[in-house]
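Trainee: Test case, fold it:
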Amino acid sequence: MQDRGHLLTEQRNARSMQIDRASIADGFDIIHAEDASIPAAVAAVKPAIVEAVQWVVAALRAGGRLIYVGAGTSGRLGVLDAAECPPTFLTPPEMVQGIIAGGREAMFRSIEGAEDNAEDGSAAVDQLQVGANDVVFGIAAGGTTPFVHGAIARAKQRSAKTVFFACVPKEQVADEADVSIRVLTGPEVITGSTRMKAGTATKLVLNMVTTLTMVQLGKVYENLMVDVNAFVNRKLIDRGGRMIARITGLSREQGIELLHAANGRVKTAIVMHMQQVDREQAETLLQQHNGIVRAVIEQAK
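Mentor: The predicted model follows:
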């Protein structure tokens, strides 16, 4: 059995050695101080994150997919990020997917042994028929998860681009991915509990990857998430109407009325007003400009 005691994520944190004797208020300060160090650790690997985003953008533009692979907390965060893309950016569910060791049940109940089999990771990649247009993004906070390494190895064999994320330096655990993101968050407050700082860093990076990707794909205008089907609930109808109003200069009520004429599609509604066209013509214009609202608007000026 491998001795993992040397890994950064397994080491003891000198600053939290007395947390079991601390008051709740002092315990809060200990945890908060450790969490405050995470953004700097993420910023330190900006080039690797940017490179990963570039690969994901290219893959999705080519009709490929972003596929997260992980176990435990890492797997759950990958599945969570994938699940949030369709409601936020109106992406098809298959565009961003998450694979967790142990399958669906592992999302809600820990199945610790599922991460130990590299062949299962390889089989999961085969099951999704991963190909050259896809990016497989492995997540392993401690860097050693066989399930993830198996998935990465198989993805490379199938000509996919690969990204590996861990919170230990590459000198401690190597990987074979095309892009290696190593966010060194240091020893956890509770030794080995990577659901804490490593988990927070993972969430920050995955948010960054999908958000920047969707911005590049035209899912955002200025800082508004305009690629949304607002006819899901009242909150989104209100938000959609306000977005249309802000961009077009219409009132909120007029924005909501235009939203209805656009079948709930905010981007379509904006183009209908800015180009003074009907819904079908607006959708055609968006297709001609790869779904990028700014390109259509600037053409109108």
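Trainee: can I assume residue 102 is in contact with residue 111?
Mentor: Yes: counting by Cβ atoms under 8 Å, residue 102 does reach residue 111; the two are 3.5 Å apart. Where C-beta positions appear, they are placed from N, C-alpha and C, glycine not excepted.
Trainee: quick one: the helices in this protein?
Mentor: 24-35, 38-43, 46-61, 72-89, 118-127, 146-157, 197-216, 234-248, 252-261, 266-275, 279-288, 293-300 (DSSP state H).
Trainee: Of all those, which one is nearest residue 136?
Mentor: helix 146-157 (3.7 Å; Cβ to Cβ).
Trainee: Check which residues of that closest one are buried.
Mentor: 146, 147, 148, 149, 150, 151, 152, 153, 154, 155, 156 (16 or more other Cβ atoms under 10 Å).
Trainee: Now do the same for the fourth one: its pLDDT.
Mentor: In this prediction, residue 149 carries a pLDDT score of 97.
Trainee: ok, so what distance separates the residue of the chain positioned farthest from its centre from residue 35?
Mentor: Distance from the centre of the chain peaks at residue 21, with 37.3 Å (Cα atoms, centre = their mean). According to Cβ to Cβ, to the nearest Å, residue 21 and residue 35 sit 21 Å apart.
Trainee: Disregarding residues adjacent in the polypeptide, which is nearest to residue 177?
Mentor: Distances taken as Cβ to Cβ, 6 or more residues apart in numbering place residue 164 nearest to residue 177, at 3.6 Å, with adjacent residues excluded.
Trainee: residues near the one you found, how many?
Mentor: Neighbourhood size, residue 164 [other Cβ atoms under 10 Å]: 27.
Trainee: shouldn't residue 187 be in contact with residue 7?
Mentor: No: the pair residue 187 and residue 7 does not pass the contact test of Cβ under 8 Å, sitting 9.7 Å apart.
Trainee: And those two? Which one has more around it.
Mentor: Neighbours were counted for residue 187 and for residue 7 using other Cβ under 10 Å; residue 7 has more, 22 against 19.
Trainee: Identify, from the buried residues of helix 146-157, the entry nearest to residue 29.
Mentor: Among those, and counting by Cβ to Cβ, the member closest to residue 29 is residue 148, at 34.1 Å.
Trainee: That concludes my questions; thank you for your assistance.
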